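>>> here is a sequence with its predicted model. Questions after.
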Amino acid sequence: MNVLYENCEIEKVDTKHLPYTAYVVEYEVEGKILYDIAVSAKTADIFDHYYDKYKKGFRNLTQSKGIINPRLWKSNKESPKEKVKKKPDPPKKREGPDQQTQG
């Protein structure tokens, strides 16, 4: 299980650009209703985590609006991998006026 956004504004982050395995978790802490977005292959893993953590404060678990395949989705939070640099091509031989063959 992976929590993508904690204590977030749900209107801004629950978009179609999330994977379809993302869920919106609604819970209450000190009278405030808060939202998280979590990803897991199994919904039960998310439920177990939040129920164990918040007990009676846990309110709701719904699927997000995401439509992206989880294998193809990349989180904005992940650091970009360094690109492998190509070795420069060897210098090409130049034919100058001295090296031209006369025929």
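Sure, I can see it. Residues are numbered from 1 along each chain as shown.

>>> beyond the helix or strand bottoming out on mean pLDDT in the chain, next helix or strand please.
Scoring the helices and strands of the chain by mean pLDDT, DSSP states H and E places helix 10-13 at the bottom, with a mean of 86. Per DSSP states H and E, the first helix or strand lying C-terminal to helix 10-13 is strand 22-29.

>>> got the contact list for that following strand?
4, 10, 14, 33-40, 43, 46, 50, 54, 57-64, 66 (Cβ atoms under 8 Å, 6 or more residues apart in numbering). Using the backbone N, CA and C atoms, a C-beta is placed for each residue, glycine as well.

>>> mind checking which of these are buried?
Neighbour-count burial (16 or more other Cβ atoms under 10 Å) applied to these gives 4, 14, 34-40, 46, 50, 57-58, 61, 64, 66.

>>> narrow those residues to those in strands?
Using DSSP state E, the members of the buried ones among the contacts of strand 22-29 that fall in strands are Leu4, Leu34, Tyr35, Asp36, Ile37, Ala38, Val39, Phe58, Leu61.

>>> in a markdown table, list those residues along with pLDDT and distance to Glu28.
Formatted as a markdown table, the entries for these read as follows, by pLDDT from 0 to 100; distance: Cβ to Cβ, whole Å:
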| residue | pLDDT | distance to Glu28 |
| --- | --- | --- |
| Leu4 | 90 | 20 |
| Leu34 | 94 | 7 |
| Tyr35 | 94 | 11 |
| Asp36 | 94 | 12 |
| Ile37 | 93 | 17 |
| Ala38 | 94 | 17 |
| Val39 | 93 | 22 |
| Phe58 | 94 | 8 |
| Leu61 | 95 | 14 |
